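Colleague: Below is the structure, and that's it, no one-letter string:
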DNA sequence: GGGATATCGTTCGTATACGAACGAGGACCA
DNA sequence: TGGTCCTCGTTCGTATACGAACGATATCCC
């Protein structure tokens, strides 16, 4: 490892083997960036990956409370609120109070949201396909299995 | 796949096999979230993963122009500017104009930044270790090799 | 020399991400 | 019944992320 020009010359050899470019976190961030880039190309820039996650989850399993929806799509309460608000503004989603629990807000797809989601499903499948294109078929299953263990 | 309550009943069976929870992008986002969470626990909340990436890169290879530094740490020009600005405010980094190119701003570690980075190196190694802890040794190399193909 | 082209750093706007704090509502038990 | 504790949704502040546009500077090539 090269020394920075301003470094005092007391190299602790024990740490000289740290290479940023070899750390999982850094590599994973780059892979995720490429994925988002592919997503934007294919899905169009008017929908983000997190917004799509919400639509897809609601399409699969119907409405749920806002916080639960956030858990199902890997967003905390503050983040899911912003996403739902933006989907509400576009009328892809609608909300209503939960009659059984005064704290809860039920979020579900609007009819327009259902149509919109259904139209985008083939593109979403393409996103996954293109993202995994550099890998051989058996490698794709391996990668997904390994990533699942890191959740 | 369950139908959303507001869906018209015209299932296109071709798309019924899309499951959000099985898409690489979604799984990768969750794995990245866990990694960041581990990072924050170990490194302390006063430094972010991207800020660390900048410090580590400068420590390894010395100063470089701001945009090049961004490329090396996987950030675009707008993002790297914000990160450098915040590191400047903490005096972990210093800048100077490039005498050979009037457009360039050279960014390098300050002496305090060198010390700070060197102290954190062992913790950074721990972050990688803990992140990969759920995997067997041979699986770790496999995962990294696969992720590298997705950049 | 000078014009076309490219790069550099900056700024703006929008969208995640998430910690922290808050009030309202619900569950539980003494 | 009343108190304690938890969950829910909301808001604030900070930090990535990145597209788009801009002016300043370099480079290339006729």
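Modeller: Thanks, I have it. Note that the coordinates shown come from a computational prediction; the quantities given were computed from them, not determined experimentally. Residues are numbered from 1 along each chain as shown, chains lettered A, B, ... in the order given.
Colleague: Apart from its chain neighbours, what residue comes closest to the residue of chain A found nearest DNA strand D?
Modeller: Nearest residue of chain A to DNA strand D: residue A:67, at 2.7 Å (Cβ to the nearest atom of the strand). No exception for glycine: its C-beta is placed from N, CA and C like everyone else's. Excluding its sequence neighbours, the residue lying closest to residue A:67 (Cβ to Cβ, 6 or more residues apart in numbering or on different chains) is residue A:77, at 5.4 Å.
Colleague: what number of residues lie near the one you found?
Modeller: Residues within reach of residue A:77, counting by other Cβ atoms under 10 Å in any protein chain shown, total 10.
Colleague: Show me the strands in chain A, by range?
Modeller: Assigned strands in chain A, in chain order: A:64-65, A:93-97, A:105-109 (criterion: DSSP state E).
Colleague: measure residue A:147 to residue B:150 for me?
Modeller: Remark: distance between residue A:147 and residue B:150 (Cβ to Cβ, to the nearest Å) = 11 Å.
Colleague: picking that back up, columns mean neighbour count, mean pLDDT and distance to DNA strand D on top of the strands of chain A, output as CSV?
Modeller: Shown next, in CSV, are the strands of chain A (neighbours: other Cβ atoms under 10 Å in any protein chain shown; pLDDT from 0 to 100; distance: least, Cβ to the nearest atom of the strand, whole Å):
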stretch, mean neighbour count, mean pLDDT, distance to DNA strand D
strand A:64-65, 17, 95, 4
strand A:93-97, 16, 96, 8
strand A:105-109, 21, 96, 4
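Colleague: Compare these and give me the one nearest DNA strand C.
Modeller: strand A:93-97 (9.4 Å).
Colleague: rewinding a little: tell me how many other residues surround the residue of chain A closest to DNA strand D.
Modeller: 17.
Colleague: quick one: low-confidence ranges for chain A?
Modeller: A:1-15 (pLDDT under 70).
Colleague: near chain B, anything from the longest helix along it?
Modeller: Longest helix of chain A, by residue count under DSSP state H: helix A:111-132. Yes. Under the criterion of Cβ under 8 Å from any Cβ of the partner chain, chain B is reached by helix A:111-132 at A:111, A:113-115, A:118, A:121-122, A:124-125, A:127-128, A:131-132.
Colleague: In ChimeraX, select just the buried ones from these.
Modeller: Here is the ChimeraX command that selects the buried residues among the residues of helix A:111-132 next to chain B (16 or more other Cβ atoms under 10 Å in any protein chain shown):
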select /A:113,114,118,121,124,125,127,128,131,132
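Colleague: Please tell me I have it right and the residue nearest to residue A:67 contacts residue A:70.
Modeller: Yes. Here residue A:77 reaches residue A:70: they are 5.9 Å apart, a contact under Cβ atoms under 8 Å.
Colleague: Which stretches in chain A count as helices?
Modeller: For chain A, the helices defined by DSSP H cover A:24-43, A:49-61, A:66-72, A:77-89, A:111-132, A:137-149.
Colleague: for those helices, which one sits closest to residue B:54?
Modeller: Among the helices of chain A, helix A:24-43 comes nearest to residue B:54, with 11.5 Å by Cβ to Cβ.
Colleague: Next, the buried residues of that closest one.
Modeller: Within helix A:24-43, judged by 16+ other Cβ under 10 Å, the buried ones are A:24-32, A:35-36, A:38-39, A:42-43.
Colleague: ok, and does it reach over to chain B?
Modeller: Yes. Remark: helix A:24-43 sits within contact range of chain B at A:24-36, A:39, by Cβ under 8 Å from any Cβ.
Colleague: okay, and the common contacts of residue A:77 and residue A:70?
Modeller: Residues touching both residue A:77 and residue A:70 by Cβ atoms under 8 Å, 6 or more residues apart in numbering or on different chains: none at all.
Colleague: Residue A:142 touches residue B:145, doesn't it?
Modeller: No. Using Cβ under 8 Å, residue A:142 is not in contact with residue B:145; the gap is 10.0 Å.
Colleague: Please tell me how far the residue nearest to residue A:67 sits from chain B.
Modeller: 15 Å (Cβ to the nearest Cβ, to the nearest Å).
Colleague: need the contact list for that residue.
Modeller: A:66-67, A:70.
Colleague: Enumerate the residues of chain A near DNA strand D.
Modeller: A:29, A:33, A:36-37, A:40, A:45, A:65-68, A:77-78, A:81, A:84, A:98, A:101, A:103-105 (Cβ under 7 Å from any atom of the strand).
Colleague: Recalculate using a threshold of 6 Å.
Modeller: By the rule Cβ under 6 Å from any atom of the strand, the part of chain A lying against DNA strand D is A:29, A:33, A:36-37, A:65-68, A:77-78, A:81, A:103-105.
Colleague: If anything else comes up later, I'll come back, but that's it for now.
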